[in-house]
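# this is a predicted model, with the sequence first.
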6 protein chains.
Amino acid sequence: MSGRPEFSHLSPEDAARMVDVGSKPVTSRRAVAEAWVSVGAEVAAQLRDRGAVAKGNVLETARLAGIAAAKRTDELIPLCHPVPIDLIDLTVALEDDRVHLVAVAAAEAKTGVEMEAMTAVAVAALTVYDMVKSVARDVAIGPVRLLEKSGGRSGHYKRAEEASDADR
Amino acid sequence: MSGRPEFSHLSPEDAARMVDVGSKPVTSRRAVAEAWVSVGAEVAAQLRDRGAVAKGNVLETARLAGIAAAKRTDELIPLCHPVPIDLIDLTVALEDDRVHLVAVAAAEAKTGVEMEAMTAVAVAALTVYDMVKSVARDVAIGPVRLLEKSGGRSGHYKRAEEASDADR
Amino acid sequence: MSGRPEFSHLSPEDAARMVDVGSKPVTSRRAVAEAWVSVGAEVAAQLRDRGAVAKGNVLETARLAGIAAAKRTDELIPLCHPVPIDLIDLTVALEDDRVHLVAVAAAEAKTGVEMEAMTAVAVAALTVYDMVKSVARDVAIGPVRLLEKSGGRSGHYKRAEEASDADR
Amino acid sequence: MSGRPEFSHLSPEDAARMVDVGSKPVTSRRAVAEAWVSVGAEVAAQLRDRGAVAKGNVLETARLAGIAAAKRTDELIPLCHPVPIDLIDLTVALEDDRVHLVAVAAAEAKTGVEMEAMTAVAVAALTVYDMVKSVARDVAIGPVRLLEKSGGRSGHYKRAEEASDADR
Amino acid sequence: MSGRPEFSHLSPEDAARMVDVGSKPVTSRRAVAEAWVSVGAEVAAQLRDRGAVAKGNVLETARLAGIAAAKRTDELIPLCHPVPIDLIDLTVALEDDRVHLVAVAAAEAKTGVEMEAMTAVAVAALTVYDMVKSVARDVAIGPVRLLEKSGGRSGHYKRAEEASDADR
Amino acid sequence: MSGRPEFSHLSPEDAARMVDVGSKPVTSRRAVAEAWVSVGAEVAAQLRDRGAVAKGNVLETARLAGIAAAKRTDELIPLCHPVPIDLIDLTVALEDDRVHLVAVAAAEAKTGVEMEAMTAVAVAALTVYDMVKSVARDVAIGPVRLLEKSGGRSGHYKRAEEASDADR
């Protein structure tokens, strides 16, 4: 169907491919993604009981892991381009018995930084999981998703409001 | 409280740390994890319309990315040990308008392969997201979670049945 | 001898060195390289017998490995510069009982992408080898070589015609 | 056909997969691979003119690159297992106007080190190419191939004699 | 001279080489290394003024960087073997206006973990430097050195006492 | 205190963070760092006795390791940005019984290349240590420090003269 969006990572012959960004202009790119980790009541209680430093060290470790992984997005995601990252900003906070992770990625580049933001929160969430798994086993990660994106040809995207709190 | 499980990755002084596995025996370790990616009706339809090869190449790319990432788990997750992986087996299938990813990780090691299985499905899910994001923007990843684990001191763990289908 | 080309990666004192590209202009760089893998009659027959998907998965795996490796050229080749890759396009096809791999690399950069194209086909060829080695042992890779290069100070280079088919 | 060797890296459903080596015994594995780089008369002459140190530094750089790459074989080749390498021994010598590279890989492991030896010579050959490409453009790599392999279930393999000198 | 110790990483022909550890027994290896970073009075004062969390986050970031780097020692140091690390334990403390870093590395392996301990403290020290360089420019790293080593053929080594405090 | 320099890698809430370089101009950056390795009389004597090639291969291996590590600075140092390196120039020389390493890093970038120069000399120094540790055990690395830096907002920095020879 004309105008129907297509998989940019599949060639007309259905081979996986990188998108050729050679003729795209360099623009200021920005993307925001979030992840949630349901850690359960016991983990949340221990984080609170052990206070700022314990909580800090669990969540700081996750933050640093997410930042590091975002810088390697093009190594992890096969068809991503290397991007000259200006910023990965990652906040991690305990909300009730879920950990909420939000990453902002920014670059001046020919291609977006959506995957950098997604990778940051996903790997940080895996790290939260690793840090707490000795206390609780039924920890689950999700949703991991894009909140906002700007700088590309398709304009500014912002996820509809309710999504960021009502789900799960 | 005595017997209360503790964060193995925090020292008594709350510093993030690796667990010393020096005195642990080498045993056969196995872990199974899953991830879901809600791709929406349009992506699911296009994958079906373009048939086996197109679908194969989207999902094969994700599988290979997940296997590769699992082999680098100790680089991504700060306090994980390197593990001599015997197997990462990753299946990726379209179920209605969600992609379901299941990874089995196995090794003979002093430490478990839970994070290897979790990393495999999480990075494969990120790759599915990357492969379809030009068609749909509200794709979300989750839940990502452990289904089963064996070989460690704490015996065999299996997630309660309902969890694998009723959520979200 | 004046005018005799010199090893740019050796200093006057014969120390291995990076080339200083600080004062070079950023231009559009493009390179094309090829590799051949002689897989033998049995492998070629099985790839054909097992049809599109089997062949697809052997050759797709090789393509993805080549693309991933090309993005890490500066990690593999000691004196290469990091390059902001715009495109790695890699085609892999069975021709009689040889697999033919052709990579196009492109970037806007101070330095060429010749090694990126060479690395893409070389690592993809290693992966073809790995994928078929359980069926045939006398598989050989080669030639691996540059076909075309443009964008640098030395102008457009194209390998003489006969080279691409008559050898070996 | 019964007894016909099969692609170990394809599942019965033709999905690319790792081989499960969980039940394989740990044995002493050894593999030898070679690569040739046809550098042409001018490069060979300059290497000889500039004497031991210059030649040393070109070929030493290649040797170190090959050793480093062999240690990362499982990152480069998607379905390879990580292997606890005991040795990568790589010799690089100028023979007329070709560079001859031979790598020995050894490990005590459940799986062979064939790909480690192949990767060592292939990446070392790419590095020779990179080191001399400013002097000659029609440099070609190949053949790259296995010479010998032992320690696996299929016994000792040694490539037929003539192969190592008569080709190309 | 007979009995004179030799460079194990140079062949009789002076080529850089890996040591063949194929016939060495697997033993319990342990190494301890330290590094010092002279940060100056202003940095030390600010770390103290900003209290536990700020100091924690500067030094925790360094600790995590050191642990991560130690796991990649064989990628950084060309002739090191991959080692199945059981533990990297890294402590980082402010002493007057110097930061003191001590790493313990442990593994059951054919080869020692001295370079893992050295790499841990060296990269952690670089990270301390990076974290404080906006405040003080004349920060210097050193000495970085081995304190203790055991498990190898040459027995237990312990650096003479005075070395750990009187120098610099 | 107003004007007091602050830790750029800590947020006002003391979380470790990347600096947002999005609005910084691209300028020519250059940094020079040095490291010293005290190898002792025996190592120094053997390097001299074994002549140019042995010394070359020990010191060349260190140089190549330092160059390779500098290209991966943003992977090693958690809050560093990826930088499009134009040059890493690394010299390594034996001076009495110390090895002196000096690295120049250069790039056109929004952020400096100080950490690239520091990482180059630090990892090269670790490699010297590794290459000679079979001959002498009390080898120590240090000082590792910045000599010069230019291209940033804070102007040209040059370490005071005496520092480069009188210490230790």
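That came through, no problem.
# where do the helices sit along chain A?
For chain A, applying DSSP state H gives helices covering A:40-49, A:51-70, A:73-76, A:114-132, A:163-166.
# redo those as CSV? Include mean neighbour count, mean pLDDT and distance to chain B.
Using the backbone N, CA and C atoms, a C-beta is placed for each residue, glycine as well. Output for these, formatted as CSV (neighbours: other C-beta atoms under 10 Å in any protein chain shown; pLDDT from 0 to 100; distance: least, C-beta to the nearest C-beta, whole Å):
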stretch, mean neighbour count, mean pLDDT, distance to chain B
helix A:40-49, 17, 91, 7
helix A:51-70, 24, 88, 4
helix A:73-76, 24, 98, 6
helix A:114-132, 29, 97, 5
helix A:163-166, 11, 45, 8
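# for those, which one sits closest to D:Val43?
helix A:73-76 (33.1 Å; C-beta to C-beta).
# out of the helices of chain A, which comes closest to chain C?
Evaluated with C-beta to the nearest C-beta, the helices of chain A place helix A:73-76 nearest to chain C, the distance being 5.5 Å.
# list of residues touching the closest one?
With contact meaning C-beta atoms under 8 Å, 6 or more residues apart in numbering or on different chains, helix A:73-76 is reached by A:69, A:80-83, A:115-116, A:119, B:65, B:68-69, B:76, B:123, B:126, C:68, C:71-72.
# output that helix in CSV, but only the C-alpha positions, please.
Only the C-alpha atoms of helix A:73-76 are listed here, as CSV (Å, rounded to 0.1, in the frame of the first residue of the first chain):
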residue,chain,number,x,y,z
THR,A,73,24.7,0.5,21.4
ASP,A,74,26.1,0.0,17.9
GLU,A,75,28.0,-3.1,19.1
LEU,A,76,24.9,-4.6,20.7
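# center of chain A, which residue is that?
A:Met118 (2.3 Å; C-alpha atoms, centre = their mean).
# list the residues that contact it.
With C-beta under 8 Å, 6+ apart, A:Met118 has these contacts: A:31, A:33, A:103, A:144-146, B:126, B:129, B:141.
# at 7 Å what do you get?
A:33, A:144, A:146, B:126, B:129 (C-beta atoms under 7 Å, 6 or more residues apart in numbering or on different chains).
# hang on, the first one packs against A:Ala117?
Meaning A:Ala33. Yes - between A:Ala33 and A:Ala117 a contact is recorded at 3.8 Å, counting by C-beta atoms under 7 Å.
# who touches both of these two?
With C-beta under 7 Å, 6+ apart, A:Ala33 and A:Ala117 have common neighbours A:Ala103.
# so which residues on chain A come close to chain C?
Residues of chain A found near chain C (C-beta under 7 Å from any C-beta of the partner chain) are A:16-18, A:20-22, A:74-75, A:78, A:81-82, A:84, A:110.
# just the ones of the residues you listed in strands?
Counting by DSSP state E, no part of the residues of chain A next to chain C is found in strands.
# ok, how many other residues are close to A:Val32?
21 (other C-beta atoms under 10 Å in any protein chain shown).
# list the residues that contact it.
The contact partners of A:Val32, taken as C-beta under 7 Å, 6+ apart, are A:102, A:104, A:117, A:147-148.
# now do stretch A:13-20: distance to the chain's middle.
24 Å (C-alpha atoms, centre = their mean, to the nearest Å).
# near chain D at all, that stretch?
No - against chain D, stretch A:13-20 shows no contacts by C-beta under 7 Å from any C-beta, the least distance being 12.3 Å.
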